[in-house]
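1. For reference, the sequence and a predicted model appear below.
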Amino acid sequence: MAAVEKIFNDTITDRETQDKTLKWVGTRAPRPDGVDKVTGRAKFGADTYLPNMLYGKVLRSPHAHARIRSIDMSRALALPGVKAGVTRDDFPDYPAGAVQPAGEMVINYRDMTRNIMAREKALYEGHAVAAVAAVNERVARQALSLIEVDYEVLPHVIDVEEAMKPGAPLVREDLITEGVEPAPEEPSNIAKRVEFGHGDLDLGFSKADVIIERSFKTQPVHQGYIEPHACLASFSEDGQAELWCSTQGHYVARGHCAKLLQMDVSKLRVTCSEIGGGFGGKTVVYLEPLALALSRKACQPVKMVMTRDEVFRASGPTSGASMDVRIGATKDGRITAGEAVLKFQAGAFGGSPVPAAAQCAFAPYDLDNVKTIGFDVLCNRPKVAAYRAPGAPLGEYAVESVVDELAKTLEIDPLEFRLKNAAKEGSDSSYGPKFGPIGCVETLETAQNHDHYLSTLKPGQGRGVASGYWFNIGGQTSATLNLCEDGSVALVVGTPDIGGSRASLTMMAAESLGVELDKVRPLIGDTSALGYNMLTGGSRVTFAGGIAVHGAAGDMIKQLRERAAATWDVPIEDVEWHGGQAVAVNGYKDQEDPMGLLDIAKDMAKSGGPIVGRCSTNAQGAGPSFGCHIVDVDVDKETGKVSVARYTVIQDAGKAVHPSYVEGQYQGGAVQGIGWALNEEYIYDENGKVENAGFLDYRVPVCSDVPMIDTVIVEVPNPTHPYGVRGVGETPLVPPLAAISNAVENALDIRFTELPMSPPRVLAAIESVG
Amino acid sequence: MRYEVPETKGEAVSLLAMAEGGGRVLAGGTDLLVQLRSGMVKPDVVVDIKKIVETREITAENGGFRVGAAVTGAELDEHKALKKLWPGVVEAVELIGSTQIQGRASMGGNLCNASPAADTVPALIAAGAQCHIAGPDGERTLPVEEFCTGPGVTNLQTGEFLVSFTLPSRPPHSGDAYLRFIPRTEMDIAVVGVGVSLSLDSNGICVAARVGLGAVAATALLVAEAADALIGTSVDEGAIENMISAIRSACRPIDDKRGTIVYRTQVSGVLAGRACRIALQRAEQS
Amino acid sequence: MTREHITTTINGDPVEFLCDAEQTLLDVLRDELRLTGSKEGCASGDCGACSVTLDGRLVCACLVLAAEVEGHEVTTIEGMAVGDQLHPLQQKFLDHAALQCGVCTPGFLVAAKALLDRNSNPTETEVRFWLAGNLCRCTGYDKIVRAVLDTAAEMRG
């Protein structure tokens, strides 16, 4: 508590409250958008209808790799009820190098133009080739069947190591690897090579008593959001447009669409619907530019919704990877050197999360000698999109597995081993910066003392632990607080609410203003309502949104004090804001009745006009979040089926503004990790087509597959945030892959280095040993 | 596409016959609607048989039961007497999909969809169920193990549809059980499915047995050699081991996204043993 | 193409609509009747986001042809609260933070209500298996199961 109070006082400059006990932050307050969600009233991406609306549908490539010789839309466009059609000819090309950051991924517009609509080639099965808008879905589907595309089918490549081999089919014929000196002469599928680290690896390994080296392989997985991509676009005859879409970032979507449609950003107003899950997969656009382009031609609203099949085939799942990790340690458990080579599928265009994976892989450890190399590799599957701490789950799966093996070989308790090497404040991270205050040690110590870790396993069970890390980000954020004439406050923010952030932001606003929670009502404004907001991702909303909301509160408080001072005719220095009221202090103490929001609001017009608190910032100083997971598994040795018997997530939140929603992030990420570790994978046939593009055979965990997920919120405050907040949303997916793999190893004495650990793989391993 | 709701068997037969192969029967719709949506089937007419009384009733008959082809899994689960007589059959139906699927899916639909991995079929085969079919040439009866002739293909001729099943009576000391292997705990298509039905004499010796095996061949199989391994024994572990070998020998699976040849063959034996032990326990208690 | 004319009851109210033979109940609830509380997550009965009850039976609306509901009774999420009174399940979901993005929530509520209507004292395992047809990607199911168990306890009194 003391640390939070210190932050409170140091970083709040405009607020002089004496009240250090938090009233809302840290409580389980009611969620402002909750009733609409439990009654079905809340509107998600596909829940809006406009008069005169058309339905858009996309024709997608049936081939994993094919040159598109020609596209004939004539019969489709002639079908009664079809009002517009678009192909590559309707989108301008962008030169190589048109690059901008968006969330945690980097967007290349040359690539984006081609991803939303194929140009020279179809680069994956499901790649959009054409789209139509028609009066109803039946006609739209019929129109698709009338589009004639002349494909020249080309050889394809999917697996990352196959794609790296000389002679592999080239996804891009002119791609020269970046990040290699001297640059290669021949093109390849390797878009980029990255390298991070410090120290002297050879020296480090020479000091090791034990060196363990392992290779790992994973299959691509999908974020698995339950709501498919959906949008509704409406263009007017004068070139202005409105877009309603399910997105993690409506400002980002606006920017992409404006560029792709070559229109002024200000002419496109984007409203984010409620979003039915994203996890990074809705940080990019797929249908939106197509719907806008169709609407522009038809001058009617166009609604487009992906089917589940399209979501799996044509949106951006994450990378499958091949990874080699080598770690050396002394016999008393001190890591002397760590090395990793990570090869990630990028899909049809460069930009896999291999740089982040390379940066995070060794992050939980304070190492003198460390090197990670990453390769970003093109292949004939969709361009990968972010998936919750993109890259880190994979990199740390490999490293945490080897760490586990080292601990076992040296006969040191796995948590003790991690503690001996744990990153601390002041440690040089493996990717460059020194760590500020962090909670790595705290999560490990909490795990060591937790009932789960201390409990006895049942016969046949195995237990595994793993650490995890994500940097988190800040970024551009704007918030506005509007004082209503009755003293209530409207809070306008610009970040879509994926998991309950409206509640946390409202709580922080009420806390900072010192007023009752139900006097502050949040709204997620459309893109016209606020200054720029980067998307909801990078675990940034409670952090950066909190800074913006707190800043807006500070701005409003300054104005409130000014109005009170003017009303009382007292110098501003002698007016403070306590407990939601302006009070006269110093020489004027007790001379004036305090003025609350209602008192000031009702005379706003006379005292100077509307009172609006604003803050726009590019929030810096996001605090990283460390986590440690403990998992117990049962293995049916006759069938190879692994079940999770008990699971505990321990993670540093800095300060949990709303503990229920922080716990929810921990639990949700853990269960996604269970699916990734045990059953989820893309299955391709020999033609590069996805065989399991549905929830039947793409096996996400169901309710009966998992136990209760226990959570412990550790709080090592982040000093750059008014309430000490660290982002928490992404780290939960980082430890599970290794934790579960380590648990299976503990149960069977068999080290798995391939995911998923599905029953056939597990049984085959058991049989080959036994 | 047209939607028709006949109220008698005769009307349904006429509609299907007139459609000349372009008609599909609708019971619960849990397979048909998925196929319609994906474009896998494009019927001219969908014939909803749920208003035909014989497809929706469960009636006691000759010590056993006649079960309408369109009775839902949820309704079967609520029928105490049927569950008591044929627990393995009912538990097989209950494994199909989710609670929501159970609210609609039927044994008849599951059989007629003729997936090699259908959950009800091995249990129905083990039970020695009979299928009652109505068609343009009248009504006929067929043992369930002859109904499916290949993946997605049945013995039904144009104009015919499945009306009901007969589940026979049981001698004393009889029990049946169905187990399947899936990677999760629910919601998956069976990787392997085994149904075992057996009857014991008063000394605990097995006098009759039937074993059905699913998801390891083009259709579910009646594995006579597995039954032979049990008949005349006390169903001790030695007999069960012999049964397991017979099961594994009978497997003719494929490698696909749900399982490999090696895996299915191995696990079929494991499940056969486990199902047999449950059936034995039920027989000893009945 | 001739459309079917269907008369049915939805959430206790008489309703009429026109539909194509291929339209599902989910298509009609959403696109014709604008009852968008039931969601389409997969259109193949694998996710449960479209859960409704048909004559009291829990079903996926995506697997029922709209024409089939002629003369039957359908209840959806929109019928769960009565006036401004939330059903205890709805309130407990809020109290337990049993939703994050909320898109699966209507399906879970309809499914959970169907369970409690039949079984007032389910075990954790019974709850988990009953709800296995409802996918959630955000919560990991923990708080959902707790909310259902807590509601059952409260409704038992």
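-> Perfect, thanks for sending it.

2. Could you pull up the residues touching the residue in chain C positioned nearest to chain A?
-> Distances between chain C and chain A by C-beta to the nearest C-beta are smallest at C:G37, namely 2.1 Å. For glycine as for every other residue, the C-beta is placed from the backbone atoms N, C-alpha and C. By C-beta atoms under 8 Å, 6 or more residues apart in numbering or on different chains, C:G37 lies in contact with A:39-41, C:76-78, C:106.

3. 7 Å instead?
-> A:40, C:76-78, C:106 (C-beta atoms under 7 Å, 6 or more residues apart in numbering or on different chains).

4. Likewise for B:K80?
-> By C-beta under 7 Å, 6+ apart, the contact list for B:K80 is empty.

5. Please report the distance of it from chain C.
-> Per C-beta to the nearest C-beta, to the nearest Å, B:K80 is found 15 Å from chain C.

6. Can you tell me the closest non-neighbouring residue to the residue in the stretch 201-350 of chain A that chain C sits nearest to?
-> At 2.9 Å from chain C, A:G276 is the closest residue in the stretch 201-350 of chain A, using C-beta to the nearest C-beta. The shortest distance from A:G276 to any non-neighbouring residue, by C-beta to C-beta, 6 or more residues apart in numbering or on different chains, is to A:E227 (2.4 Å).

7. picking up where we left off before, could you dump the contacts of C:G37 into JSON lines with distance to chain B added?
-> Shown next, in JSON lines, are these (distance: C-beta to the nearest C-beta, whole Å):
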{"residue": "A:G40", "distance to chain B": "17"}
{"residue": "C:T76", "distance to chain B": "13"}
{"residue": "C:I77", "distance to chain B": "14"}
{"residue": "C:E78", "distance to chain B": "18"}
{"residue": "C:P106", "distance to chain B": "13"}
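
8. Check which residues of stretch A:526-544 are buried.
-> Neighbour-count burial for stretch A:526-544, counted by 16 or more other C-beta atoms under 10 Å in any protein chain shown, picks out A:526-527, A:529-544.

9. Chain B: helices as residue ranges?
-> Ranges of helices in chain B, per DSSP state H, are B:9-19, B:32-38, B:73-77, B:80-85, B:87-94, B:99-102, B:107-113, B:120-127, B:224-230, B:237-250, B:261-285.

10. any bit of the second one sitting next to chain C?
-> Spelled out, it's helix B:32-38. Yes - counting by C-beta under 7 Å from any C-beta of the partner chain, chain C has neighbours in helix B:32-38: B:33-34, B:36-37.

11. what's that helix in contact with?
-> Against helix B:32-38 from outside (C-beta under 7 Å, 6+ apart): B:24, B:26, B:41, C:22, C:24, C:43-45, C:63, C:65.

12. So which bits of the stretch 1-150 of chain B are right by chain C?
-> Residues of the stretch 1-150 of chain B lying near chain C (C-beta under 7 Å from any C-beta): B:1-3, B:29-30, B:33-34, B:36-37, B:46, B:48, B:74, B:97-101, B:103-104.

13. Show the buried residues in the residues you listed.
-> Buried by 16+ other C-beta under 10 Å: B:2-3, B:29-30, B:33-34, B:36-37, B:46, B:48, B:74, B:97-101, B:103-104, out of the residues of the stretch 1-150 of chain B next to chain C.

14. so the residue of chain C closest to chain A is in which element?
-> Counting by DSSP states H and E, no helix or strand carries C:G37.

15. Contacts only, for the closest residue to it other than its chain neighbours.
-> Once flanking residues are discounted, C:G37 sits nearest to A:G40: 2.1 Å by C-beta to C-beta, 6+ apart. By C-beta under 7 Å, 6+ apart, the contact set of A:G40 is C:37, C:77-78, C:106.

16. let's go with 8 Å and repeat that
-> For A:G40, the contacting residues are C:35-38, C:76-78, C:106, by C-beta under 8 Å, 6+ apart.

17. What ranges does chain C have for its strands?
-> For chain C, the strands defined by DSSP state E cover C:4-10, C:13-19, C:51-54, C:57-60, C:73-75.

18. If I look at whichever residue of the stretch 1-150 of chain B sits closest to chain A, what pLDDT would I see?
-> Proximity of the stretch 1-150 of chain B to chain A (C-beta to the nearest C-beta) peaks at B:S38, 7.7 Å away. In this model, B:S38 is scored at 92, pLDDT.

19. Could you measure from it over to A:R308?
-> Separation of B:S38 from A:R308 (C-beta to C-beta, to the nearest Å): 11 Å.
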